[in-house]
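Engineer: build me a model:
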Amino acid sequence: VRSQVCIIFSDFGKMQNVCNLLTEKLGTSVTISAPHFYHTPEAVDTLRRQVCVAAVGNTQRKAQEVCRLFGQSLGKPLLIREEETKEWGGHRDGQPSDTSDSLTLQERIQNATVYASCRVSAVFEIKGKENKRNKLP
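Structural biologist: This is a model prediction of the structure:
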């Protein structure tokens, strides 16, 4: 009797541990195929959001540094706009970029890796630093 089992992992380390365990316990009676990597639309959407949030955070930190340089303090954001989001590398929805069985595991991971960048523009309120010596108690 021959059967095939397909398992979907979201953690690469767990996948390796399960494959090693199956090979150790079942020996030559089991054949483990090369993994097929893909990104769900939800995972790519989460990546886009994380990259945008990180870009806004970077913009705020840079604005704070500029304000400190001029003896000012950064106020609240007045406008934040996502200018451009780019993705490259990898593949989505189970559509591999290269199905060649001759690829190494590292090459498969590299082909499946998705990168993203986001360009944002932000306008912040700038406040003058208050002189604490002139404040009344």
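Engineer: which helix in the chain runs the most residues?
Structural biologist: What stands out as the longest helix in the chain, according to DSSP state H, is helix 41-69.
Engineer: which secondary structure elements does that one contact?
Structural biologist: strand 72-88, strand 115-128 (3 or more C-beta pairs under 8 Å, 6 or more residues apart in numbering; DSSP states H and E). Heads up, the C-betas are built off the backbone N, CA and C, glycines and all.
Engineer: most centrally placed residue in the protein?
Structural biologist: Centroid-nearest residue in the chain, with C-alpha atoms, centre = their mean: Leu47, separated by 4.4 Å.
Engineer: wait, it sits on Thr113?
Structural biologist: No. Leu47 lies out of contact with Thr113 (C-beta atoms under 8 Å); the separation is 10.8 Å.
Engineer: quick one: pLDDT of the residue nearest to the centre of the chain?
Structural biologist: In this model, Leu47 is scored at 95, pLDDT.
Engineer: measure it to Val120 for me?
Structural biologist: Using C-beta to C-beta, to the nearest Å, Leu47 is found at 16 Å from Val120.
Engineer: ok, and what's touching stretch 47-57?
Structural biologist: 80, 82, 85, 87, 114, 116-120, 122 (C-beta atoms under 8 Å, 6 or more residues apart in numbering).
Engineer: nope, stretch 11-28 is what I was after
Structural biologist: 7, 9, 30, 32, 35, 109.
Engineer: in it, what counts as buried?
Structural biologist: Across stretch 11-28, burial judged by 16 or more other C-beta atoms under 10 Å covers 19, 22.
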